[in-house]
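**Q** sequence? don't have it. structure:
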């Protein structure tokens, strides 16, 4: 009888534990369901721009069920909007502890590191995010940006192309791929991609300037002028486009128009040294050597390491008969790495 009673007792305990396990599992399941409902509310609040309520809901979802990676990821995004990067990274790490295959968590970590220009650390994180299945166009685009910044133009080209394949109307990816092609001296290919960027978003003023810069490279000055003008029309304070249009005018010997553009640049940004240098070069062509010298003086005052301005001021001083000062300028230009200055140095020996 003892044996039977002991066996029965053991069966009873086993049955009770099984029942308790079922109850625990059911309770956890209900908590997880409730957490998911609250999480979904948070997502809706976030989409509607109600960041405070969204944050509350993600916090609440985690109180119901802490082993839930998605609220951590969404809360990390909210921290990013508030520039609380340490808290955002912490939430990403928490999400990865729960789900090591969360590609989006790796993506957010990579994005944070990209923002801080820690390219070496960001690159493998973006690669992990893609390998874990987060293959949205932005992941390839930002990884392409890193490759570009690290001067790995071949891989940058591949990533921008993958981003465009994922999102054919991705205007910024076209723009960045075009700029990468420029670095590889494929100016015709760059122009094509810049034009594609404008097909999808004609409001980006910088693209017109970029097209024009490429046209300058291939000697198409007339069409470059037209594109610079489009950029300036969209942004009247776009002084770099004005400066470059002045260079295009200079190249076709329209010195008066070049002078006007360089002067406009200085009105917008009085500390832009290249505009003073360009003014000086143009005034030399118009035989205003005194005015040219003064403009080179201003360029050098703004940037004492501006080698080309020293070389050009030396030329202006030579034309004014200031040979000793001219030689000093050419010597300084040579010291600053302007190789062209060497040919003028022979006149100083």
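**A** Cool, got the structure. Fair warning: this is a prediction, and the values are worked out from it, not measured in the lab.
**Q** hey, let's count contacts and neighbours off CA atoms from now on
**A** Fine.
**Q** wait, what's in contact with the closest residue to residue 269 other than its chain neighbours?
**A** In this structure, residue 269 finds its nearest non-sequential neighbour in residue 239, 7.3 Å apart by Cα to Cα, 6 or more residues apart in numbering. With contact set as Cα atoms under 8 Å, 6 or more residues apart in numbering, residue 239 has these partners: 264, 265, 268, 269.
**Q** residues in contact with the third one?
**A** Contacts for residue 268 (Cα under 8 Å, 6+ apart) come out as 237, 239.
**Q** For residue 261, see how far away it is.
**A** 11 Å (Cα to Cα, to the nearest Å).
**Q** mind listing what the residue nearest to residue 328 when sequence neighbours are not counted touches?
**A** Using Cα to Cα, 6+ apart and skipping the chain neighbours, the partner closest in space to residue 328 is residue 314 (7.6 Å). Applying Cα under 8 Å, 6+ apart, we find residue 314 in contact with 325, 326, 327, 328, 329, 330.
**Q** Going by neighbour count, which of the residues you listed comes out on top?
**A** residue 330 (29 neighbours; other Cα atoms under 10 Å).
**Q** Read off the pLDDT value for it.
**A** Looking at residue 330, its pLDDT stands at 94.
**Q** Check residue 206 too.
**A** 89.
**Q** Please work out how many residues are found near it.
**A** Neighbours of residue 206 (other Cα under 10 Å): 20.
**Q** Which strand or helix spans the nearest residue to it once chain neighbours are set aside?
**A** Nearest residue to residue 206, sequence neighbours excluded (Cα to Cα, 6+ apart): residue 231, at 6.6 Å. Using DSSP states H and E, residue 231 falls within helix 221-234.
**Q** Okay, buried residues for that helix please.
**A** Going by neighbour count (16 or more other Cα atoms under 10 Å), the buried part of helix 221-234 is 221, 224, 225, 227, 228, 229, 230, 231, 232.
**Q** cool, stretch 151-171 as well?
**A** Result for stretch 151-171 [16+ other Cα under 10 Å]: buried residues 153, 155-164, 169-171.
**Q** again, but for stretch 267-277
**A** 271, 272, 273, 274, 275, 276, 277.
**Q** can you give me the end-to-end distance of that stretch?
**A** Stretch 267-277: ends 15 Å apart by Cα to Cα.
**Q** what does whichever strand or helix holds residue 130 rub up against?
**A** Taking DSSP H and E as the criterion, residue 130 maps to helix 119-131. The contact list for helix 119-131 (Cα under 8 Å, 6+ apart) reads 102-107, 109-114, 135, 139-140, 142-143, 146, 149-150.
**Q** For the residue nearest to residue 206, give me its contacts.
**A** 205, 206, 207, 208, 209, 238, 241.
**Q** which regions of this structure lie under the pLDDT threshold?
**A** 1-26, 28, 349 (pLDDT under 70).
**Q** circling back to that earlier point, what helix or strand is the residue nearest to residue 328 on?
**A** helix 307-319.
**Q** After the helix holding residue 231, heading C-terminal, what element do we hit next?
**A** helix 239-251.
**Q** tell me how far that next one is from the chain's mean position?
**A** Offset of helix 239-251 from its chain centre (Cα atoms, centre = their mean, to the nearest Å): 25 Å.
**Q** Going by neighbour count, which residues of it are buried?
**A** 239, 240, 241, 242, 243, 244, 245, 246, 247, 248, 249, 250.
**Q** Stretch 54-68 too?
**A** In stretch 54-68, counting by 16+ other Cα under 10 Å, buried: 54-62, 64-68.
**Q** Which members of those residues are positioned in helices?
**A** 54, 55, 56, 57, 58, 59, 60, 61, 62, 64 (DSSP state H).
**Q** Who's the closest spatial neighbour of the third one, skipping the chain neighbours?
**A** Looking back up the chat, that one is residue 56. residue 42 (7.6 Å).
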